[in-house]
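A.B. asks: Starting from these lines, generate the structure:
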Amino acid sequence: MDWQYMQSKGCFFLEEDGEIISHQYRMQIAQRSMVYLTIKPLNLSQVEGKPSPWLSVDTALYILKENESQANLQLVCFTELRNREVFGWTGELGPGIYWLIPSTTGCRLRKKINPVTDEAQLVYRDETGKLFLTKEFKSTLSDIFEVIDLDGNGLLSLEEYNFFELRTSGEKCDEDAWAVCRDNFDTKRNELTRQGFMDLNLMEANDREGDPCDLWVTLHSMGYNKALELTEACPFVIDIYAEKCKPKIKAVHMEACSGQLEKAICKSVLSKGDAKVMDGYENIIVHTYSCDTWITSVIENKSDEKVIIHINNELSKNCVNNRGLNIFAVEVGPKSTMIGRLVIGQNGILSTPAVSCIIRKIKAIGGIILTASHNPGGPNGDFGIKFNISNGGPAPEAITDKIFQISKTIEEYAICPDLKVDLGVLGKQQFDLENKFKPFTVEIVDSVEAYATMLRSIFDFSALKELLSGPNRLKIRIDAMHGVVGPYVKKILCEELGAPANSAVNCVPLEDFGGHHPDPNLTYAADLVETMKSGEHDFGAAFDGDGDRNMILGKHGFFVNPSDSVAVIAANIFSIPYFQQTGVRGFARSMPTSGALDRVANATKIALYETPTGWKFFGNLMDASKLSLCGEESFGTGSDHIREKDGLWAVLAWLSILATRKQSVEDILKDHWQKYGRNFFTRYDYEEVEAEGANKMMKDLEALMFDRSFVGKQFSAKDKVYTVEKADNFEYSDPVDGSISRNQGLRLIFTDGSRIIFRLSGTGSAGATIRLYIDSYEKDVAKINQDPQVMLAPLISIALKVSQLQERTGRSAPTVIT
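C.D. replies: Residues are numbered from 1 along each chain as shown. Got it, this is the predicted structure:
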């Protein structure tokens, strides 16, 4: 009886950080059957006798059985057989769902720095001025089509096209956009033909009037260099044969090999492999599993301490590995899951950005931050416990929810009141609690040094020192608001970069922040605003209690709206050496933040992501190498150097721009508005509102907005008329993990692009905070220097009328206006 057959293609892609991602697949076997699976590189060469250069890339396919859910996978087998470039496996599989995870060591797929002298031409115009794709580019597009046509039927379905879209733009094409595509380009059976794909790319070139920059972004994302050589990707094909049933296979993800796979491999090797005690180390066991083509080793550490194992493969004549080195070290954690080492800042003080930095530097499993954030502190103030995970960023809900569930099972806990730890003395202290617990180490580290070292690698400190202490020095005024960032300001800005000591005020961290509210805005940092109005200082900045938020001011108290701040940094991003080295992967802003950053992203052809409020959403994009710079209207600005917003980083970014541009803060902003237009933006905060009433207001407003008659409704105020184009509760689909975040803010979007947004938010512990955001774009240069409160007055009036906010809350004015 003939075996039944299915095939799917895919591709390994080499990311900027050296990580390799690929398609991953879900396979269904209907009944117990003998199965034969193979994976091999896909030869795209159109020249007979000239094989594709990536055919030497090693490939493997891991087959994992799904038990009850995707979260519970068991390694069944992997492709151990080899016939030249084809790796295969044959055996019996029972009925069920299986996951197929392609893998490569990447040893023959890595970054190459060979310069390309001749850049390929992608488009040209004939004598009539009509635009065409070059023969070379059409050939490359045909190869790309071959790779993304996963089922090999010569057509692109929406699902197949979306893998391509996610790879090249980070976004998906929805059903409506796909319908437009079908109406305008060649399709068959609702799928895009090869010619339709060519025409789609030609349209993109026409949209840019022949500028091929967007086409190059697509090519680089697909692994091609400027000579149209495929150097950072390896397409492959998976063939499946089943004796008794037709197998089904579907690509479901594109990502790196998961931790589940690593765990499954380890478990398999521990059960099947040969175990040997490492010479001289009775608690270190090496488990080895050998097959014809490679050896897999798992190192088991049965001791109570972390160990460093040095691997030396220099004597091997055919060893390849994904590290690119024959001698390297691996770190193996202790068998215990108990924390064996605590790292604490000197005197118990670390800024939130410094915590993120240190977690990443020492590869900690996480960090705990005790903070009031930007809220009042002291006995009657706020106090919060925050957990950051191993990437240095805030823990996602999946983790915090699990922690909460575990916390409900705790019946008792022990304390040790007599344990004394001197937080002022640098170094390690070891404790053994009467042998009841395993010994653990407390390490006190310099609160500033690791963070300062990181900043030195990002910015040009010599240029900044010249700016702050040279003969024509910039006069600055920095207010640490008695928060944690004071020692960082003194050490970095004053001692290292040479700013006079009196440039920094309120730098002694106090438990109650000196009785003030450490929120860097025009209301709570009014002292700084008044000082700057005198004109004595050229640049001013304030920070919040834990050092992650910032406010920027220019001479005479010129206020830089946080939405504008991140946009200006984006427009001048190469003033910062770090980005000259890494390039720019993408920009992102929170949904309530104004669209100023969008204007820069559009002009520079850089991807822009709109996320819910919360830095964890940015961290996900950063970990996927999709994001370099991001910001929130709530005075948060940061980049992918850590996984938290970073106030002092933002100040140094602005100082770098001032050093490069040699203009005032105000002139830089006004030049920016002249070039990109201006998004007038304001935020009204109504703090400590009665929670029940606030929730009722939001619920009633949402019901009003979702009435079918609401879209298209017109509102008039101060001789202005606005028509509702869209009304919704913002929902976010994460382009990295596909998770959905709903109910992120009520949005009224008008036909001219203006927005009114309502959110219930806040990290405070008293009542609720209603935030009202107004955003309106203006490109008329005669109007861009107007007062935002004047320009936005009609929209503010409409927002208050629609929501009945003042009537519902009893508040005649907001607590804070930004």
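
A.B. asks: Give me the distance between the closest residue to D527 other than its chain neighbours and E412.
C.D. replies: Setting aside the residues directly before and after it, D527 is nearest to D479 in space (CB to CB, 6 or more residues apart in numbering), at 7.1 Å. All C-beta spots, glycine's among them, are computed from the backbone N, C-alpha and C. When CB to CB, to the nearest Å is the yardstick, D479 and E412 sit 45 Å from each other.

A.B. asks: Tell me which of the two has more neighbours.
C.D. replies: Neighbours were counted for D479 and for E412 using other CB atoms under 10 Å; D479 has more, 27 against 4.

A.B. asks: mind listing what that one touches?
C.D. replies: By CB atoms under 8 Å, 6 or more residues apart in numbering, D479 lies in contact with A504, V505, N506, P520, A525, D527, L528, G540, A541, A542, F543.

A.B. asks: pLDDT score assigned to it?
C.D. replies: Each residue has a pLDDT score; the one for D479 is 96.

A.B. asks: I'd say T723 and L748 touch.
C.D. replies: No: checked against CB atoms under 8 Å, the pair T723 and L748 is beyond contact range at 10.7 Å.

A.B. asks: Comparing the two, which shows the higher neighbour count?
C.D. replies: Under the neighbour definition other CB under 10 Å, T723 and L748 were set side by side, and L748 has more, 26 against 12.

A.B. asks: who's in contact with that one?
C.D. replies: Each residue near L748 by CB under 8 Å, 6+ apart is listed here: M705, V724, K726, A727, R755, I756, I757, A799, V802.

A.B. asks: Among those residues, which one is most surrounded by other residues?
C.D. replies: For the contacts of L748, the largest neighbour count, defined by other CB under 10 Å, is 26 neighbours, found at I756.

A.B. asks: buried set for the helix or strand hosting D176?
C.D. replies: Counting by DSSP states H and E, the element that carries D176 is helix 175-184. Burial within helix 175-184, assessed by neighbour count using 16 or more other CB atoms under 10 Å, is assigned to W178, C181.

A.B. asks: ok, now stretch 769-779?
C.D. replies: For stretch 769-779, the neighbour count (16+ other CB under 10 Å) marks T769, I770, R771, L772, Y773, I774, D775, S776, Y777, E778 as buried.

A.B. asks: Which members of the contacts of D479 are positioned in helices?
C.D. replies: Applying DSSP state H to the contacts of D479, the entries found in helices are D527, L528.

A.B. asks: picking up where we left off before, got the buried residues of stretch 769-779 as a markdown table, with pLDDT and distance to M698 columns?
C.D. replies: Formatted as a markdown table, the entries for these read as follows, by pLDDT from 0 to 100; distance: CB to CB, whole Å:
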| residue | pLDDT | distance to M698 |
| --- | --- | --- |
| T769 | 90 | 12 |
| I770 | 93 | 8 |
| R771 | 94 | 11 |
| L772 | 94 | 11 |
| Y773 | 96 | 14 |
| I774 | 96 | 17 |
| D775 | 96 | 19 |
| S776 | 95 | 23 |
| Y777 | 93 | 26 |
| E778 | 92 | 29 |
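
A.B. asks: Tell me the one among those nearest to L655.
C.D. replies: Distance to L655 across those (CB to CB) is lowest for D775, with 27.7 Å.

A.B. asks: host element of that closest one?
C.D. replies: strand 768-778.

A.B. asks: Mind giving me the packing neighbours of that strand?
C.D. replies: Here strand 768-778 is seen to pack against strand 678-689, helix 691-705, strand 755-761, helix 793-803, helix 805-809 when contacts are counted using 3 or more CB pairs under 8 Å, 6 or more residues apart in numbering; DSSP states H and E.

A.B. asks: Measure how it sits relative to helix 793-803, angle-wise.
C.D. replies: For strand 768-778 against helix 793-803, the angle by axes from the mean of the first three to the mean of the last three CA atoms, to 10 degrees is 140 degrees.

A.B. asks: Strand 768-778: what's the following helix or strand?
C.D. replies: Strand 768-778 is succeeded, C-terminally, by helix 788-791 (DSSP H and E).

A.B. asks: Run through who's touching that following helix.
C.D. replies: The set of residues external to helix 788-791 that reach it, using CB under 8 Å, 6+ apart, is N561, F680, F681, T682, S776, E778, K783, I796, I817.

A.B. asks: Can I have the buried ones of those residues as a ChimeraX selection?
C.D. replies: Selecting in ChimeraX just the buried members of the contacts of helix 788-791, where the criterion is 16+ other CB under 10 Å, is done with this command:
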select :561,680,681,682,776,778,796,817
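
A.B. asks: Figure out the length between the terminal residues of stretch 782-797.
C.D. replies: From its first residue to its last, stretch 782-797 covers 24 Å (CA to CA, to the nearest Å).

A.B. asks: average pLDDT across that stretch?
C.D. replies: Regarding stretch 782-797, the rounded mean pLDDT is 93.

A.B. asks: just stretch 520-538 next, same as before
C.D. replies: The average pLDDT for stretch 520-538 rounds to 94.

A.B. asks: One more: stretch 284-296?
C.D. replies: Here the mean pLDDT over stretch 284-296 is 69, rounded to a whole number.

A.B. asks: Name the nearest residue to G91, sequence neighbours excluded.
C.D. replies: The nearest residue in space to G91 (CB to CB, 6+ apart) is C77, at 6.2 Å.

A.B. asks: What helices and strands are in contact with the helix or strand where the one you found lies?
C.D. replies: Taking DSSP H and E as the criterion, the element that holds C77 is strand 73-78. Where contact means 3+ CB pairs under 8 Å, 6+ apart, strand 73-78 is packed against strand 60-66, strand 86-93, helix 259-272.

A.B. asks: Within its sheet, name the partner strands of it and how each one runs.
C.D. replies: The strands that strand 73-78 pairs with in its sheet are strand 60-66 (antiparallel) (by DSSP bridges).

A.B. asks: residues making contact with the partner strand?
C.D. replies: Outside strand 60-66, the residues that touch it by CB under 8 Å, 6+ apart are 27, 37-39, 72-79, 87, 89, 93, 96-104, 238, 260-261, 264-265.
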